[in-house]
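Trainee: Output the structure for:
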Amino acid sequence: MGSLDRLLGRIWLDPEDPTALGLVRIAVVAVLTASLLTHTGAVAEYFSNLAPLQGEWAREAFPSRASVFFWIDDPWAVRAIFAVGVVAHVLWLVGRFTTAASIVAWIVWMSMAGRSPLLYSLPDQLQMVMCTLLMLMPTGRGLSLDARRHGPKPVPVWCRRILMIQIGTLYTATGFLKSGPTWHRDFTALYFTLVNPYNRHFDAAPFFAALQPWVLRPITIVVLWWEILFAAFVLLHALRSVLGRPRWFVDLRWPMLGFGVMMHVGIQIALYVAWFSPLVLSGYLAFLTPDEAKRLVARVTGRIRRRTAS
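Mentor: Numbers count the residues shown, from 1 in each chain. Below is the predicted model of the structure:
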């Protein structure tokens, strides 16, 4: 029984330093805040009775959705709630009144996505998922004004585990959904994505056509299998952590996550994906151990102090 308790603790329940989870909070909430601010200027037109779909018609159109804006739809009231949401995001970002701020931020996102779900595409749903997960976690125990005021407190290791599982599920499910000859026979999926006028940033079809046989074709194969195998990587990474990170157990984080960074940077440059890539890359910070997160924070703050001093 004691061995089982130790195993369960290492997998799920053991306390750890809160720095890594605090770093994830800062990165993810920064992306959520930036995404929220892009609604500024059109809040009433999307979520109040000034919207084309309003009142009882909106409630009938989206009966399975929940939103404060179904019932409070005066333009000024909607703008005021949105402003409260912005303040909540800033407080959540810096970690002051973290729990209350995260709940208010979540309610605002739920209300916007519920009131105008057609405004958000499939990649945007990751915003709601990450907001929900972090709202349910004690993210203010480290790298926060709350922690500075009351002292940092340990967090359970399951918090980072859940975030890793979410990213693994995202990639592997997406990999299995990639079907058809463009992914499994012709390997032209990336080419057609890059030249699609719906979401490309620039028209360079002849250039991409020249790259297709020698560059895009092999990358298409690699991307497909990298996504499919990502859940297996998460499982192996968890197993390595449970075993105490032995030297003989190769750390696969850097090749797997390094490829993901390059892929998402390329996607952001070439395609219109809004906040999806920054949000996923922010989630990668969950793969850092608390010690690695502390070294990263010390390095960044050290550089800032040196630049400030000079």
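
Trainee: Just the strands from the stretch 51-200 of the chain, written as ranges.
Mentor: Across the stretch 51-200 of the chain, reading from the start of the chain, the strands by DSSP state E, counting those that start in this stretch fall at 155-156.

Trainee: check contacts around residue 83.
Mentor: Neighbouring residues of residue 83 by CB atoms under 8 Å, 6 or more residues apart in numbering: there are none. For glycine as for every other residue, the C-beta is placed from the backbone atoms N, C-alpha and C.

Trainee: least trustworthy helix or strand in this structure by mean pLDDT?
Mentor: Taking mean pLDDT, DSSP states H and E as the measure, the helices and strands of the chain show their lowest mean at helix 2-8, namely a mean of 65.

Trainee: host element of residue 246?
Mentor: With elements delineated by DSSP states H and E, residue 246 resides in a region that no helix or strand encompasses.

Trainee: how many other residues sit next to it?
Mentor: By other CB atoms under 10 Å, the residues close to residue 246 number 8.

Trainee: Now the element after the least confident helix or strand of the chain, going C-ward?
Mentor: Heading C-terminal from helix 2-8, the first helix or strand you meet, by DSSP H and E, is strand 15-16.

Trainee: Centre-most residue in this protein?
Mentor: Per CA atoms, centre = their mean, the C-alpha nearest to the average position across the chain is that of residue 279, at 3.4 Å.

Trainee: looking at this, it is in a helix?
Mentor: Yes - residue assignment for residue 279, taken from DSSP: H, G, I helix; E, B strand; the rest coil, places it within a helix.

Trainee: distance of it from residue 115?
Mentor: Between residue 279 and residue 115 the distance, using CB to CB, to the nearest Å, works out to 21 Å.

Trainee: Isn't the residue nearest to the centre of the chain up against residue 30?
Mentor: No - taking contact to mean CB atoms under 8 Å, the distance of 10.0 Å between residue 279 and residue 30 leaves them out of contact.

Trainee: Tell me how many other residues crowd residue 204.
Mentor: Under the neighbour criterion other CB under 10 Å, residue 204 is assigned a count of 14.

Trainee: cool, the one 10 residues further on as well?
Mentor: Using other CB under 10 Å, residue 214 is surrounded by 8 other residues.

Trainee: sec struct for it, please.
Mentor: helix.

Trainee: Pull up the per-residue confidence for it.
Mentor: Note on residue 214: pLDDT of 94.
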